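Participant: Sequence and predicted structure, then a few things I'm wondering about:
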Amino acid sequence: MSLLPVKIKQFFALLSFIVLTTTSTQAANQDKRLVLQQARITTGRIDRPVRPVKNIILLIPDGCSLSTVSAARWYQWLLNPELPALYIDPYLCGTVRTNSSNAPIGDSAPTTSCYMTGELSRTGFIATYPPVDLANDIFTVDSTKAYQPMMTVLEAARIVYGKSTGLAITCEFPHATPADCSSHDYSRGNYKNISEQMAHNQLDVVLGGGISFLKAEERAYLAQNGYAVQSDDLAGLRAFKGNKIWSLFGARDIPYDLDRDTASMPALSELTSKAIDLLSQNKKGFFLMVEGSKVDWAAHANEPIAMITEFLAFDRACKVALDFAKKDGNTAVIILPDHGNGGMSIGTKRMPGYDKLTKDELFKSVLETKVTAVRLAEILNETSNENLRSTFKEYTGVDLTDAEKAEIDSCKDYLKSPIPLAQRSSGGLLKLDITRMLADKSCFAFTTTGHTGEEVFVANYHPKGDIFNGVHFGFEVNDYLCSLYKLDGKLPGLTNQYFAKHTEVFKGMDYLLKPSSTSVNAELTVTSGNNKLTIRQNSSVATLNGKDRQLPTVVVFVDKNQTFYLPAFLADWMN
């Protein structure tokens, strides 16, 4: 008897088992997602009415874990005994889970995007709906919405209510967190798209870093539309009395607060105060996002002194916002990080007996450090090698060992080294060597130089006490923000209204799509009867029959699906 039929039966039996197992696994995953989706529906603001306000100030200390807050509080108290508490302390009220759509740990892009749009998204996505990751999505993801730009609270505040909008930050303006408020892309690193969109998105006030990222075309567009455009002009910013301004400092970012030249570079608290002053001229109200951007950068570098002093600079900006809100009586303030970073602990097994140290001993390393590693590297490059040890001790309190001095001498970017460049072995940056040397002598430890997945704190002020307290998901932050502006449940509809697919908007019409390239933006030309409409990627201006017309939102082109996302009402222009 032939064995072939038996093998065939075995094969089909195995195939059936695989299909049933796969189907069973998919069904189980779907069941889990349905349970989680139900949890999403039933958590949050249910039975928690929130009375609307005129203004919202959202403050985000980027990449700030709770250990950073604790260290900052101790540091401030030890330096200033009259200041045992932070300005945010009376308003701490809960925590937020900062997961992305398909992973428990998120970066700034999907986390702030979730706060702004109400939808979870993927790592790197800027206010853009994620594609499906069936096996890993934490909540149900709609495959038909993949890569669709999503309306943000900031955009909706302007479009629906005519409110003024602004950003006050210390990083470059197209960085992930400010970008999440006012642009749309599936890659946070696509600064070309992001900066063009932000320049076109009718932000009233942009104060922060990134002069080199605002190109000539964007400067010209802003100037033509009534904006003051300033570069490294602190006096000009202080004197400005209008209502539309981009004032940027530094080629990339504003220096760490500990290193900042106070005569030429503004503190975040001053940027916050100026933004509030300018935005509050609008009787309809405003939305302002303030970011302590470089708390995150310091955490990535595992540098406690920079983390601490950046957070304290952020806390002073929070005081400005809270003082205004309490005086104004119609402003809500929400303070929360977008994610954790660094995994810092106060105390480390590297230092035996650390738990018995006094407060002065435990925090000795940061109390004696006068500059960040970035600035110290600059100082050492300006100082003779003979004075290396004394200079290092002057700014850090640390006596370099012979081995540590030799390591600095071997750094390729140490300009005063006595060792010929070709003979130096270190491939790392001087500031990284310095950071590690200082960290090794401190009582702080880190688990990573990347992001972490613990919950983050929330602090909140509402003029009538409607506080966002408890433990929440990121999309519930959006629920709260929307309730403050009576936008409950409206963002999805606004998304579909202003970011519709061109294939649906111009269905039945003739159109020609010129795709984007590295140097040329995509362009869409639509014809219908005697009408001709031209639409350009990243622009808020459309050309109808040779005349430019302002759009309420930026036009987004996604190369993944070769689709323009634009206002649905453009179809009416063609009739």
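Facilitator: Perfect, thanks for sending it. These numbers come from a predicted model, not from an experiment. Numbering: from 1, shown residues only.
Participant: Show me this structure divided up by domain.
Facilitator: 55-345+448-497, 366-442, 499-573 (automatic domain parsing).
Participant: Could you list the low-pLDDT ranges of the protein?
Facilitator: Where the chain drops to pLDDT under 70, the residues are 1-48, 427.
Participant: redo that, cut-off 80
Facilitator: Across the chain, the ranges flagged by pLDDT under 80 are 1-48, 426-429, 431-432, 518.
Participant: By residue count, tell me the biggest strand in it.
Facilitator: strand 164-172 (DSSP state E).
Participant: what helices or strands is it leaning on?
Facilitator: helix 153-161, helix 176-182, strand 205-209, helix 268-279, strand 286-292, helix 294-300 (3 or more CB pairs under 8 Å, 6 or more residues apart in numbering; DSSP states H and E). Placement of C-beta: from N, CA and C, glycine included.
Participant: among the domains of the chain, which is nearest Pro352?
Facilitator: For these, proximity to Pro352 was assessed by CB to CB; domain 366-442 is nearest, at 14.1 Å.
Participant: who's in contact with the most centrally placed residue in the chain?
Facilitator: Centroid check for the chain by CA atoms, centre = their mean gives Thr177 as the closest residue, at 1.8 Å. Counting by CB atoms under 8 Å, 6 or more residues apart in numbering, Thr177 makes contact with Ile60, Asp62, Ser108, Thr112, Ile169, Cys171, Met289, Glu291, Ser293, Asp338.
Participant: Compile the helices and strands packed on strand 164-172 into TSV and extend it with columns for distance to Asp315.
Facilitator: Output for the helices and strands packed on strand 164-172, formatted as TSV (distance: least, CB to CB, whole Å):
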stretch	distance to Asp315
helix 153-161	23
helix 176-182	17
strand 205-209	18
helix 268-279	9
strand 286-292	8
helix 294-300	10
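Participant: thinking again about what came up before, list just the nearest of the contacts of Thr177 to Ser483.
Facilitator: Ser483 has its nearest neighbour among the contacts of Thr177 in Met289, at 17.6 Å by CB to CB.
Participant: Do I have it right that the closest one meets Leu58?
Facilitator: Yes. With contact defined as CB atoms under 8 Å, Met289 reaches Leu58; the gap is 4.9 Å.
Participant: of the two, who's got more company?
Facilitator: Neighbour comparison, Met289 and Leu58: the larger count goes to Met289, with 26 against 23 (by other CB atoms under 10 Å).
Participant: Ser539 is in contact with Val554, isn't it?
Facilitator: Yes. Using CB under 8 Å, Ser539 is in contact with Val554, at 6.7 Å.
Participant: between these two, who's got more neighbours?
Facilitator: Neighbours per residue (other CB under 10 Å) separate Ser539 from Val554, with Val554 holding more: 27 against 22.
Participant: who touches that one in this structure?
Facilitator: When contacts are counted by CB under 8 Å, 6+ apart, Val554 touches Ser183, His184, Gln197, His200, Asn201, Asn538, Ser539, Ser540.
Participant: Count the residues that sit near the fifth one.
Facilitator: The burial count assigned to Asn201 is 22, neighbours taken as other CB under 10 Å.
Participant: Identify the residue nearest Asn201 in space, chain neighbours excluded?
Facilitator: Closest residue to Asn201 apart from its sequence neighbours, by CB to CB, 6 or more residues apart in numbering: Ser182 at 4.7 Å.
Participant: pretty sure the one you found contacts Glu196?
Facilitator: No. Using CB under 8 Å, Ser182 makes no contact with Glu196, being 11.4 Å away.
Participant: Between these two, point out the one with more neighbours.
Facilitator: Neighbour comparison, Ser182 and Glu196: the larger count goes to Ser182, with 29 against 24 (by other CB under 10 Å).
Participant: isn't Gln230 right up against Gly242?
Facilitator: No. Applying CB under 8 Å, one finds Gln230 not in contact with Gly242, separated by 11.4 Å.
Participant: who has more neighbours, those two?
Facilitator: Legend: neighbour count by other CB under 10 Å for Gln230 and Gly242, higher for Gln230 (18 against 12).
Participant: Which of the three states applies to that one?
Facilitator: Here Gln230 is recorded as strand under DSSP: H, G, I helix; E, B strand; the rest coil.
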